[in-house]
Each structure stands twice: as C-alpha cells, then as structure tokens.
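In: dropping the sequence and predicted coords here.
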Protein chains: 2
Amino acid sequence: MTVDGFSSQPGRVNMREVAERAGVAMSSVSRVLSDHPDVSKDMRKRVMAAVEELGYEPNLLAQSLRRQQTRTVGFAIGDISNPLFADIVAAAETRFREAGYSLLLTNSEGRSELDAAHIGLLAQRRVDGIILSVSDEHNPAMLHALGRLDIPVVVLDRNVDVGRSLHVYTDHQAGMRNAVNHLLDLGHRRIAMINGQPMRPVNERRAALEACYADRGLERTYQILEGGALSDVDYGSRATSQLLSRPDPPTAIIAGGNQLMLGALRVLHARGIRLGKQVSFVGCDDIPISELYDPPISVVRRDNLAIGRCAAEMMLDALRDPEYRADMVLPTEFVGRPSCGRAPGS
Amino acid sequence: MTVDGFSSQPGRVNMREVAERAGVAMSSVSRVLSDHPDVSKDMRKRVMAAVEELGYEPNLLAQSLRRQQTRTVGFAIGDISNPLFADIVAAAETRFREAGYSLLLTNSEGRSELDAAHIGLLAQRRVDGIILSVSDEHNPAMLHALGRLDIPVVVLDRNVDVGRSLHVYTDHQAGMRNAVNHLLDLGHRRIAMINGQPMRPVNERRAALEACYADRGLERTYQILEGGALSDVDYGSRATSQLLSRPDPPTAIIAGGNQLMLGALRVLHARGIRLGKQVSFVGCDDIPISELYDPPISVVRRDNLAIGRCAAEMMLDALRDPEYRADMVLPTEFVGRPSCGRAPGS
DNA sequence: GCAGTTGCTGGAAACGCTTCCTGGGCGGAG
DNA sequence: CTCCGCCCAGGAAGCGTTTCCAGCAACTGC
C-alpha cells in the first residue's frame, strides 16, 4: 500500500513506481506483465518481485486507452427484469468472463429513444462490441447511431441489419406452428393471439398462426391483438379482458411472450376460468409458473441460456476476426400441457 | 494518423481535429465542452460548429483516465437470473442513468471465489463505486479485496463492513415473525424452515422463527434446514422431499428465498399436496407464481425496486460526499394467502 | 577479425483528454 | 499615463499504459 512509506493514492501503485523499485525501465515492466517473449529470466524475476512487494495492479483504463480496446462488451437490453433477458445476460456474462471481457449493461425499459442514446453512450465508452435487443426495429435515431459504429454488433432476435451486425434469431415459427396445429387438432377455430407491437418475434408468431390456417384451407376465424410492448404485463391483462368480454369470445388464447402470458393469467385466474375446459391457453417461454400452474400450461419454449451463450460466442468470434459474419437461428419447441383441451362443443 | 479530412478510424474524430477545424487550441475546445465559465460567446460558437461538422464525440476513456473518475459503478451480484436481483439491477440502472453513470455488471453464480475476483476486476477498471451482494460474508479473499478499495461500497443485505461501506438491509425479521405467528395461530407447531447457508437474510429468518417460539414459551418443535445456496432451486426440492418423507413431517413449511420456494413447490406440486390442507406453506418474495398458484401462496414480501433505488441513491450520495456514510433498513411485509390453513387435527 | 544476426533493454512518443499556468489585450482607477 | 486586475486563449504537462525504435552485448559463421 505504501511505497517507501509514501504514495499519493493509497493502494494505487503505478507502473513507474514498479519500474523504479525493480531498477528497470517501464517498458521492461510492461513487457514482463504482458508476456512479451523478449524478456530474460532475471528481468522477469526482478519485476515480478517488485510487483508483488508493491501490490501493483495495472490500470485497465490506461491500458484500454493505449491499446485501443477495452475488453468490454456493451449489453443494450430492453428490459433486464424480464426473466428471458436476465437469463441471456447471465449466460453471456459467464462466457465473456471466461474470455476476459466485462459487461457494460444498459436497460431501455422498452423506450426506443433510450436504445439510440445507449448505443451512442456505449460507443463513447469505446466498448469493443455491442449485444443489442432494441424495442423498435425501425427507430431512425437508433438506426443512425448503429450506422456510425465500427464495432461488431450482435442483434438478438430483431430484423436490424446495419453496419457490422451478426444475428441470433429464434425460430418462433416452428414452435408456434406446432402450438397452433395442436389447438386446431383439438377443434379450436376461434383462436386469439395476444402479441406485442410488430417486430421480428411478433411477426413470426403471427405468420405461424396465419400459415396454419392457410395450410388447412380454413377461414380466417382467428384474431390477433398487437400493440402493447412485449414486456408489458398490463397489456396482457387488458387484451385478455377485452377478448373474454366479446360476444363471441375465443376458445383458445395464445400469449406471445412471458410477460403477456403473466398478464393474461392474472385475468383468467381472477375470473376463475379453468384452462383447458372453457378456454385453452398457450404461453411463451417456459417460466416456472407454466409448469406449476393448475393446470400446467402449454408453452412454446426456447433455451434462454443458449441464446446468451450463442450471442457471446458470436461476439467473441467477431472480436477475433473482423471479417467474421454469421447469423444463427435457435429452435423453439412446443410443450403440450393440460391447459389445452378440446374446444367446447367439438 | 490523419490528413485533413482523412482519419484511419472512420467516425473517430478527436479533440485535436476539432481544435484545428475551429482554429483554436485544444484547451479551448475542452473548456467549451465542459461548460467552463471562461469562454467567450464567439469561441463557443466556433467550437460547437466544428464539433457539429465533424460529428465529434468525446472519448470517455481518455476523459476517465485524466479526470480520475469513470462515472461507472460496478455491480457485483450473486445471480442475475434471480428475479430479485434482476429487479434491483433494473431499478438501480434507471437511477444511475439519470445521474450519468453506467453500470459494469458481474455475476458470481453464487461462487464466492468469484466475488473476490470481481471486486478486484472492478477496482482495476477504476469504477467509482461498487454495489455488492456476495454469496459468503466471510470469504477471506473477498474481504481482503474489499479492504484494498478506496471507493464507496454499497452492500446489499449482508453483514460485511470493510472499508468505505454503506448498507441496504432488508428487515426480514419483521415479515417473518408475522408469518410464523400466523402459522402458530393456526395451530402449527411442527414448522420447518428451508434456508440457505448462513448469512444475514438467512440468520434473520432463523432468528424470527426462534423468537416467535420463545416469545410464546413453546418448545423447540420447529426444524431448520440450512446449507444450500439461497438461489439453488434444487436444494429447495431436495430439502422439501426430505422433510416430507420423515416419519414426523412438518405441518408447515417456510421457504426462505424465491428460488428455494420454487424448488419446494415443484416437489409439493409433484406429490399433489394441497397447500393449506395437508401442509401449509409460506414463501419469500412476491414473484408472480405466488399469487397465481392454486391455492395462492402466503409470502414475506419486500419491495425489490426500492432496494435498487435506495442502493443507487446511497451510492450517488457517497460519490458526491466522501464523508457520507449511511445504513438503511427496508421493510418486509407478510401477505397471508390460502396456502396457510389450520394445522391438521387442531 | 568482422559483418550479420540474435536477445535483451531503455528511451520516448503516443493514446485523447483536462487543467494549470502564463500571458496578451483591455478597461477602469489613481 | 501607468498600473492593476479581469477576461479569455494558448501551451504544455500530465493521467498510466503500450510499443516502436535504437542500441548494446554476445554470439555465429566465414
């Protein structure tokens, strides 16, 4: 903590002091610490001794400035309290930590003007790359900010393709088709889908629903509610209330996204509706409640952790090789549970 | 590196180029941009024009190095995928963003050796402060790392008091006493508590249980299982299985922590045990499932977001005033729901 | 014995900013 | 008219690293 008794900042020893202590040049200290090959055994020993004695720890800030890389990745996320993103962040953090990278996290609370601001901020902080999940694919400020970047960007499940962008998509369609077909097989025709405002996952889910009807040559007797934010629990509730109070209520409801599912369940639960009997129900994302609800809830499941790992892996590849470019599609799976039953009167 | 209009890094204009463009000294540019009072109207206009034309954005890294402050706060958390922490992080991020601070996030996955490493890492990155939730209050490496710091540390609900530390505690006892008294009033005597390995929240909950029995002069007919990590769902399951298969199983189970509660519910649910009849149940943290479970589950609730806000606020105060020191205790509340019923045969 | 490596080290110039210090111009007071 | 002080601008020294370059000694090969 002290150098010969004195140090301006307690515990803040710099490389110059180490060099003096070891009686060598700063450049030599630097070489030792960064494992440069041109270092003699003796030099290494003297420097390491001085480092040890002084408790020296390099200043990563100065290193970053000089090296022009921060070993930091920005994570611009829509809503960290959504368990989906929490899982993604957790998985990515693990992978990045192993690789010596740190995570700078921003949360946009679903406000797309913040997305743009955060991209700019992360750029100013000179992160080496950004993992991005925006709340509006078309926000011009966001796209502009993205266009100015010269670092790799891994985009999570959004159709945003500006600059050096790689993509981790989720194949919502596959799982959702199975879900819809399951409902159709059970005789449901008036299926309602509660969805967020249009963007990739929402579009995919809608497309799956439409395709299933089209494939069977059925009339378009489904309905789709879009407009709320994907992580707006209350919108899920409102939409559900609205659906249930129609003269001709749906016999099955599909909630796109785990937060909308929660909102929907609140209303269904409050009204004492028995899922799989009066109304069948399919949710998205296998959060704990889906299994433990009574009855257990059918969901379109994806592997949250895999998304995070995959995003991190792609980012690390892109960081190593500036030419690296990739898109990846991760699967979804329909998990049938008792919340889906035969349509009333079929 | 640059020749009048060309720059090796596209979009990376530095202050020198701005100064040249405006025909002034770098120091003047700096003064304009940091709102220094000694700047003439004319100067401001010329500099701002140049900034605009070149699309200059200051390099926060260089700024941090020079100013000796990063406007970054480190968040060393045990498990980000625990919804409690996700909420805390979300709330804190909001507050920090407003104040111009960014968040550097680390996740320890409940491994306390990582806690120590992360504290060191954050220090090397020269964060201005750290918000900390460690998984072992007594880990020596962690305490040592903490002792070396000269920045404020806001400790979340842990009895760790090293260096410049402030505290945000949760008053688990109050809520838990109400919970236990409620169970005792319902005639339960064989109450089991599933708890994590000893640290502040765990100790508090245990103390509440013990105190309630003592206050009523009751024999110690409760039992306490401690040992798993607080966010280990499987431990919750194992402990519950074990309790239920005893010759003399408890009539009421209390799960400390939302993850332990999930694990417990999995087992109870799988065994088809009707809560409030055969076994009464109290959980911790009001996660969505507690309200939507059948029957709804009694919990000891706290305000997750308030914890995050409070931690951020304390940190900001400590950042402004090096002398600032504070401890805060946030309340908990018992929410009674039908998962608690009369003890069988009482 | 000498040029050409090879192996290691030190000096110094960046990286992009802030800030202290110096000093020029100018208005008001003596 | 001079002096003092004020307002504003420029120069330069750092913040703590890395890395390029030069240099020196010792060795190799001829």
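Out: Sure, I can see it.
In: can we go C-alpha only for contacts and neighbour counts from here?
Out: Fine.
In: quick one, helices of chain A?
Out: Remark: helices assigned in chain A by DSSP state H are A:15-22, A:26-33, A:41-54, A:60-67, A:83-98, A:112-124, A:140-147, A:172-185, A:200-215, A:233-244, A:258-270, A:288-292, A:304-320.
In: out of these, nearest to residue B:283?
Out: helix A:288-292 (14.5 Å; Cα to Cα).
In: hmm, who's touching stretch A:304-321?
Out: A:84-85, A:87-93, A:95-96, A:128-129, A:131, A:152-154, A:156, A:166-168, A:324-326, A:330 (Cα atoms under 8 Å, 6 or more residues apart in numbering or on different chains).
In: report how many residues lie close to residue A:336.
Out: 17 (other Cα atoms under 10 Å in any protein chain shown).
In: to clarify, my last question referred to residue A:26.
Out: 18.
In: and the one 10 residues further on, by the same measure?
Out: Counted with other Cα under 10 Å, the burial measure for residue A:36 works out to 10 neighbours.
In: could you do residue A:150 as well?
Out: 16.
In: with residue A:240 instead?
Out: So residue A:240, with other Cα under 10 Å, has 25 neighbours.
In: same deal with the one 10 residues further on?
Out: Residue A:250 is flanked by 23 other residues according to other Cα under 10 Å.
In: next, the buried residues of the least confident helix or strand in chain A by mean pLDDT.
Out: The weakest-scoring helix or strand in chain A, judged by mean pLDDT, DSSP states H and E, is strand A:223-228 (a mean of 91). Within strand A:223-228, the residues that qualify as buried are A:223, A:225-226, A:228, counting by 16 or more other Cα atoms under 10 Å in any protein chain shown.
In: how far does that strand sit from the chain's center?
Out: 23 Å (Cα atoms, centre = their mean, to the nearest Å).
In: just checking: what are the partner strands of that strand?
Out: Sheet pairing for strand A:223-228, assigned by DSSP bridges, gives strand A:191-196 (parallel).
In: the partner strand to helix A:172-185, inter-axis angle?
Out: 150 degrees (axes from the mean of the first three to the mean of the last three Cα atoms, to 10 degrees).
In: got any ranges where chain A has weak pLDDT?
Out: Within chain A, the stretches with pLDDT under 70 are A:1-11.
In: near DNA strand D, which residues of it?
Out: Within reach of DNA strand D by Cα under 7 Å from any atom of the strand, chain A has these residues: A:12-16, A:26-28, A:30-31, A:33-34, A:57-60, A:62-63, A:65-67.
In: can you select the buried ones from those residues in ChimeraX?
Out: A single ChimeraX command selects the buried members of the residues of chain A next to DNA strand D (16+ other Cα under 10 Å):
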select /A:12,13,14,15,26,28,30,31,57,58,59,60,62,65
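In: residues of chain A that sit close to DNA strand C?
Out: Counting by Cα under 7 Å from any atom of the strand, the residues of chain A that sit close to DNA strand C are A:23-28, A:37-43, A:62, A:65-66, A:68.
In: what about chain B: which of those touch it?
Out: A:62, A:65 (Cα under 8 Å from any Cα of the partner chain).
In: residue of the stretch 201-346 of chain A closest to DNA strand D, please.
Out: Of all residues in the stretch 201-346 of chain A, the one sitting closest to DNA strand D is residue A:320 (14.8 Å; Cα to the nearest atom of the strand).
In: residues near that residue, how many?
Out: 10.
In: sorry, back to before: can you list the buried residues of strand A:223-228 in JSON lines and add distance to residue A:142?
Out: JSON lines is the format used below for these (distance: Cα to Cα, whole Å):
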{"residue": "A:223", "distance to residue A:142": "31"}
{"residue": "A:225", "distance to residue A:142": "26"}
{"residue": "A:226", "distance to residue A:142": "22"}
{"residue": "A:228", "distance to residue A:142": "20"}
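In: and which of the residues you listed is nearest DNA strand C?
Out: The closest of those, once distances to DNA strand C are taken by Cα to the nearest atom of the strand, is residue A:228, at 39.9 Å.
In: ok, that closest one - contacts?
Out: A:195-197, A:235-236.
In: would you turn the helices of chain A into CSV with distance to residue B:305?
Out: Shown next, in CSV, are the helices of chain A (distance: least, Cα to Cα, whole Å):
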stretch, distance to residue B:305
helix A:15-22, 42
helix A:26-33, 43
helix A:41-54, 41
helix A:60-67, 31
helix A:83-98, 15
helix A:112-124, 20
helix A:140-147, 28
helix A:172-185, 31
helix A:200-215, 28
helix A:233-244, 16
helix A:258-270, 17
helix A:288-292, 21
helix A:304-320, 24
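In: these: which one's closest to residue B:256?
Out: That would be helix A:288-292 among the helices of chain A, by Cα to Cα, at 17.2 Å.
In: the closest one near chain B at all?
Out: Yes. On the criterion Cα under 8 Å from any Cα, helix A:288-292 is in touch with chain B at A:288-289, A:292.
In: with stretch A:92-103 instead?
Out: Yes. Judged by Cα under 8 Å from any Cα, stretch A:92-103 comes into contact with chain B at A:93-94, A:102-103.
In: show residues contacting that stretch.
Out: A:71-75, A:305, A:308-313, A:316, B:104-107.
In: just the buried ones from those, in PyMOL syntax?
Out: In PyMOL syntax, the buried subset of the contacts of stretch A:92-103 is picked out as below (16+ other Cα under 10 Å):
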select buried, (chain A and resi 71+72+73+74+75+305+308+309+310+311+312+313+316) or (chain B and resi 104+105+106+107)
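In: check whether residue A:269 really touches residue B:292, as I assumed.
Out: Yes. Using Cα atoms under 8 Å, residue A:269 is in contact with residue B:292, at 6.9 Å.
In: neighbour count winner among these two?
Out: residue B:292 (20 against 17).
In: which residues are in contact with that one?
Out: So residue B:292 contacts A:265-266, A:269, A:293 (Cα under 8 Å, 6+ apart).
In: any chance of the residues of stretch A:92-103 next to chain B in TSV, with neighbour count too?
Out: Shown next, in TSV, are these (neighbours: other Cα atoms under 10 Å in any protein chain shown):
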residue	neighbour count
A:93	25
A:94	19
A:102	24
A:103	24
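In: what's the closest of the residues you listed to DNA strand C?
Out: For these, with DNA strand C as the reference and Cα to the nearest atom of the strand as the criterion, the closest is residue A:102, at 20.2 Å.
In: and that closest one, how far from DNA strand D?
Out: Counting by Cα to the nearest atom of the strand, to the nearest Å, the separation of residue A:102 from DNA strand D is 17 Å.
In: beta-bridge partners for that residue, please?
Out: residue A:72.
In: for it, give its distance to residue A:291.
Out: Plainly put, residue A:102 is 34 Å away from residue A:291 if you go by Cα to Cα, to the nearest Å.
In: you'd agree residue A:157 is up against residue A:202?
Out: No. If you go by Cα under 8 Å, residue A:157 and residue A:202 don't touch, sitting 10.3 Å apart.
In: what does stretch A:337-346 contact?
Out: A:183, A:186-188, A:251-252, A:275-282, A:295-299.
In: picking up where we left off before, how much does the least confident helix or strand of chain A deviate in direction from helix A:233-244?
Out: Going by the same axes, to 10 degrees, strand A:223-228 makes 150 degrees with helix A:233-244.
In: compute the inter-axis angle for strand A:223-228 and helix A:258-270.
Out: 120 degrees.
In: give me every residue that touches residue A:205.
Out: Applying Cα under 8 Å, 6+ apart, the residues contacting residue A:205 are A:172-173, A:176, A:256.
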